[in-house]
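**Student:** Sequence isn't available, so here's the structure alone:
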């Protein structure tokens, strides 16, 4: 993720993969957020999960916020399991 930004590709936000974040926890994104002002939403894979995640990123951008949010709260926590 950092390599894309460092290569000059403009990225305002990421949809974080729920399956990876289930094991690693949302904390894995801390270095990314410390280095870049991004919106990151960890999402599930159902269509409604993805739509809600996109909506959450759009809301962050409209409110000029850059932070990590967990849409997939039914599985993902902040800490690694």
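**Tutor:** Looks like it arrived, so ask away. Computed from a predicted structure; not experimentally measured.

**Student:** Quick one: end-to-end distance for stretch 55-73.
**Tutor:** 16 Å (CA to CA, to the nearest Å).

**Student:** So for that stretch, what gets flagged as buried?
**Tutor:** Neighbour-count burial for stretch 55-73, with 16 or more other CB atoms under 10 Å as criterion, is recorded at 56, 57, 60, 68, 69, 70, 71, 72. Every residue, glycine included, has its C-beta placed from N, CA and C.

**Student:** Residue 35: which of the residues you listed is nearest?
**Tutor:** Closest to residue 35 out of the buried residues of stretch 55-73 is residue 68 (13.2 Å), distances taken as CB to CB.

**Student:** show me the contacts for that closest one.
**Tutor:** 16, 26, 29, 33, 40, 41, 42 (CB atoms under 8 Å, 6 or more residues apart in numbering).

**Student:** Enumerate the beta-bridge partners assigned to it.
**Tutor:** Counting by DSSP bridges, residue 68 is bridged to residue 40.

**Student:** Tell me the confidence at it?
**Tutor:** At residue 68, the model reports a pLDDT of 96.

**Student:** try residue 79
**Tutor:** 89.

**Student:** For the contacts of residue 68, which single residue is the most surrounded?
**Tutor:** residue 42 (29 neighbours; other CB atoms under 10 Å).

**Student:** For that one, which non-adjacent residue is closest in space?
**Tutor:** residue 16 (3.9 Å; CB to CB, 6 or more residues apart in numbering).
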